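Test case, fold it:
(chains A and B)
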2 protein chains.
Amino acid sequence: MKAALKALEPPLPPPLEAAESSALALPGLPAGVDLLGRLESITAGRGLTRLAGRLHELAEFVAGDQAAFEAAFGALPRDPRLVGRTARHLLDLGGKRLRPMCVQLAARLGSSSAEVVIDLGVAVELVHSATLLHDDVVDLGESRRGAPTARRVYGNAASIFAGDWLLIEALRRVQRCRLPGLMEELLDTIEEMIFAESIQLENRGSVRLSRDDYFRVVEGKTASVFRWAMSAGARAAGLDEPCRRALETYGLHLGVAFQAVDDLLDLTGDEARTGKALFTDLREGKMTYPVILGLERDPALLPLVESIIDAGDGAPSAALCARLIRALRDADAMRDCLALARQRAAHATRSLEALPPGRARRALATVAEAIVDRDL
Amino acid sequence: MKAALKALEPPLPPPLEAAESSALALPGLPAGVDLLGRLESITAGRGLTRLAGRLHELAEFVAGDQAAFEAAFGALPRDPRLVGRTARHLLDLGGKRLRPMCVQLAARLGSSSAEVVIDLGVAVELVHSATLLHDDVVDLGESRRGAPTARRVYGNAASIFAGDWLLIEALRRVQRCRLPGLMEELLDTIEEMIFAESIQLENRGSVRLSRDDYFRVVEGKTASVFRWAMSAGARAAGLDEPCRRALETYGLHLGVAFQAVDDLLDLTGDEARTGKALFTDLREGKMTYPVILGLERDPALLPLVESIIDAGDGAPSAALCARLIRALRDADAMRDCLALARQRAAHATRSLEALPPGRARRALATVAEAIVDRDL
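Residues are numbered from 1 along each chain as shown, chains lettered A, B, ... in the order given. Prediction:
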């Protein structure tokens, strides 16, 4: 193949043959990740019997919605052309389905059409998938969900177009639901995501990212989609504006809590569960909350953080990583990141007070309480 | 800067400082290209006085709409963040504004709101701009509109997000026009474009692209947007379905004619007018119509075509290029590519017969007749 035509592809490693990719999937990660089952088992293992029981109840409550979602998501067109195969590579790796669950639970607070809830759940998961495809190109991501990224298998160019395609597929579903205001809100949300990506990109490799900028990025890039998912469910259920606003607040806080846990998993998670290598964020030059806290409290950590960023594609040595983890623990940065997650989860739960009590509200409270304990 | 963080950037040439970029703009290309004025001067120079006169009339007819478009397009948000600056780099280089003119002329066939015509004109130009940003990343484009591409100035990653952003800005405008069916049609059109890109990508560097695949790519990637622009104007003007269909047929043929001329300009155009280097398509591994015809008629050209593709980033030698041009002329490939453009332009004009006669219809016929003579 001609050198010039391949130039957008990363220099290392070479794109894989499609056939190689499934062989590289980590055995621990099934296509569909059972988030609720996993949370139930973690909380039960910690003796949090009441919470484990509520998770069990939650799983039963959403089982029908989740099955309907999986059937619809699995039935997305399997286009044999390059862009179709590239998108399919990511979609077939499953996911936690937390964003569709937000749509489903919000919709349970009122009365809604099953088709609309399915369409909106699929839409939010597609928006999320589209951003993953583009992010992996931008970040030169190597693995995701326990498998090589789509860009490693099919190339950067195909991943760019595949991301474009999934976004269009998402918008199509939102459009056909014809819920007043919802399309505008999604376009605003995607714009927020793009500008959060822009801030992150401009600060890539900079150890001086402020806490304010961190929250700007997290709210724009992660939490805004959770907020939209809640709004979509609320609109589907015909809830009034105060209820919808309360759910949006819930989504925003839940999203920040979710990201704070992601930050911790990047440093101390189990790669076989998270599906990606440890220290990925830092090696991609992205400051996470514990690292920002650690550097604020102990500026002498700067050279250590920089040397891990400098490692880039090559994995930083285990000794360097262990030193940073120890230092962040000493600075209480890990503890306070977890505290941030718990605090935002509590804010999320508090915002539910404006809503009518019942199974759906209790289910949302359970999600907020348990999400902090996730390890995948 | 860290090596890993830069890895998505092309190995050669290095991204420019933003300040350098304006200095690199070719002096011949003003921000706004006066397409109609240029066509008038070309046709007058060839003694086609009647057509030149009709172009003059056309320019007067659309002057108000064009000024309103430029005012709105120039007033798009100037966001100081990286993604905003990246998008602005492309937008500030102007363009032929042919797609907005399609909206404007179709809208003149009925009665429409000025705001809606402006919004839809801006939308179609934004969709086009979004695809250029992504295409330049995929093709490692070096120059566009007489200046370095946005990806060379601001990088590939910023160009990906900037393309995403402009697409969202386009959709927002279409959404606020609230014309039934138009958003769905745009989403379908963008999907067509993506799959045409996919076919092109899969065939990159392959000299065996069939004529059928060529038309599939051209109709999906170029002509579909012209078709949508005509439909948008028709819907804005409240035209009935037969009229709208006729205009869509016009747009589709006009788009193919436009691309056939582009194919010729890639081989024999004036770089100072087209704003990009000669043989760009071929060096990017893209088969154009004259090359496909030439290879069909004279398979012995294969090694010559391949050696130009192999030149890739490095410009192929002037001698090689001259040999190919000569061979394509000998095989009548240039002549027949121009004939294709004229034939499609004639189809476009014929489809106008279904429409009420008047200035707008005559204006559209003038566009189709003259577009074949463009040199920019």
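
part of a strand, is residue A:137?
No - under DSSP: H, G, I helix; E, B strand; the rest coil, residue A:137 falls outside any strand and is assigned helix.

was I right about it contacting residue B:159?
No - at 10.9 Å, residue A:137 does not count as touching residue B:159 under the criterion of Cβ atoms under 8 Å. For every residue, glycine as well, the C-beta is placed using N, CA and C.

helix, strand or coil for residue A:207?
coil.

So what's the residue count around it?
Counted with other Cβ atoms under 10 Å in any protein chain shown, residues neighbouring residue A:207 total 18.

Contact partners for it?
Contacts for residue A:207 (Cβ atoms under 8 Å, 6 or more residues apart in numbering or on different chains) come out as A:287, A:295, A:302, A:305-306, A:309.

Please list which of those also come close to chain B.
Taking Cβ under 8 Å from any Cβ of the partner chain as the test, chain B is in contact with residue A:309 out of the contacts of residue A:207.

the strands in the stretch 51-200 of chain A, which residues?
Here the stretch 51-200 of chain A has its strands, by DSSP state E, counting those that start in this stretch, at A:143-144, A:147-148.

Which of those sits closest to chain B?
Chain B sits nearest to strand A:143-144 of all those, at 15.3 Å, using Cβ to the nearest Cβ.

wait, isn't residue A:200 in contact with residue A:285?
No - counting by Cβ under 8 Å, residue A:200 stays clear of residue A:285, with 9.0 Å between them.

who's more crowded, these two?
residue A:200 (27 against 22).

so what pLDDT did the more buried one get?
At residue A:200, the pLDDT value in this model is 92.

For chain B, see how far away the closest residue to residue A:141 other than its chain neighbours is.
Nearest residue to residue A:141 in three dimensions, chain neighbours excluded: residue A:149, at 4.6 Å (Cβ to Cβ, 6 or more residues apart in numbering or on different chains). As judged by Cβ to the nearest Cβ, to the nearest Å, residue A:149 and chain B stand 13 Å apart.

measure residue A:149 to residue A:132 for me?
8 Å (Cβ to Cβ, to the nearest Å).

List the contacts of residue A:200.
Taking Cβ under 8 Å, 6+ apart as the test, what residue A:200 contacts is A:217, A:221, A:286.

ugh, wrong one, I meant residue A:369
Counted by Cβ under 8 Å, 6+ apart, residue A:369 has contacts A:51, A:54, A:345, A:349.

neighbour-wise, which of those residues leads?
residue A:345 (26 neighbours).

I'd assumed residue A:374 was in contact with it.
No - using Cβ under 8 Å, residue A:345 makes no contact with residue A:374, being 11.2 Å away.

Tell me how many other residues crowd residue A:79.
A count of nearby residues for residue A:79, using other Cβ under 10 Å, gives 17.

need the contact list for it.
A:85, A:87-88, B:195.

May I see these arranged in a markdown table, with pLDDT as well?
Shown next, in a markdown table, are those (pLDDT from 0 to 100):
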| residue | pLDDT |
| --- | --- |
| A:85 | 96 |
| A:87 | 96 |
| A:88 | 95 |
| B:195 | 95 |
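
who wins for neighbours among the residues you listed?
residue A:87 (29 neighbours).

coming back round to it: hey, least reliable of the strands of the stretch 51-200 of chain A by pLDDT?
Mean pLDDT is lowest for strand A:143-144 among the strands of the stretch 51-200 of chain A, at a mean of 89.

what's near enough to touch residue A:356?
By Cβ under 8 Å, 6+ apart, residue A:356 lies in contact with A:109, A:243.

let me fix that: residue A:337
By Cβ under 8 Å, 6+ apart, the residues touching residue A:337 are A:260, A:263-264, A:288-290, A:293.

For the contacts of residue A:200, give me CSV that also has secondary structure and distance to chain B.
Shown next, in CSV, are the contacts of residue A:200 (DSSP: H, G, I helix; E, B strand; the rest coil; distance: Cβ to the nearest Cβ, whole Å):
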residue, secondary structure, distance to chain B
A:217, helix, 12
A:221, helix, 11
A:286, coil, 10
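
burial of residue A:240, as a residue count?
Other residues within reach of residue A:240, judged by other Cβ under 10 Å, total 9.

before we move on, what about the one 5 residues further on?
As a burial measure, the neighbour count of residue A:245 was computed by other Cβ under 10 Å and equals 16.

for residue A:129, same thing?
Residue crowding around residue A:129 was assessed by other Cβ under 10 Å; the count is 23.

Kindly report the same for residue A:208.
Residues near residue A:208, counting by other Cβ under 10 Å, number 10.

any chance you could map the helices in the stretch 201-350 of chain A?
For the stretch 201-350 of chain A, applying DSSP state H, counting those that start in this stretch gives helices covering A:211-218, A:224-236, A:241-268, A:271-274, A:280-283, A:289-297, A:302-311, A:318-330, A:333-351.

Name the nearest residue to residue A:362, ignoring sequence neighbours.
Nearest residue to residue A:362, sequence neighbours excluded (Cβ to Cβ, 6+ apart): residue A:54, at 7.2 Å.

What separation is there between residue A:342 and residue A:256?
11 Å.
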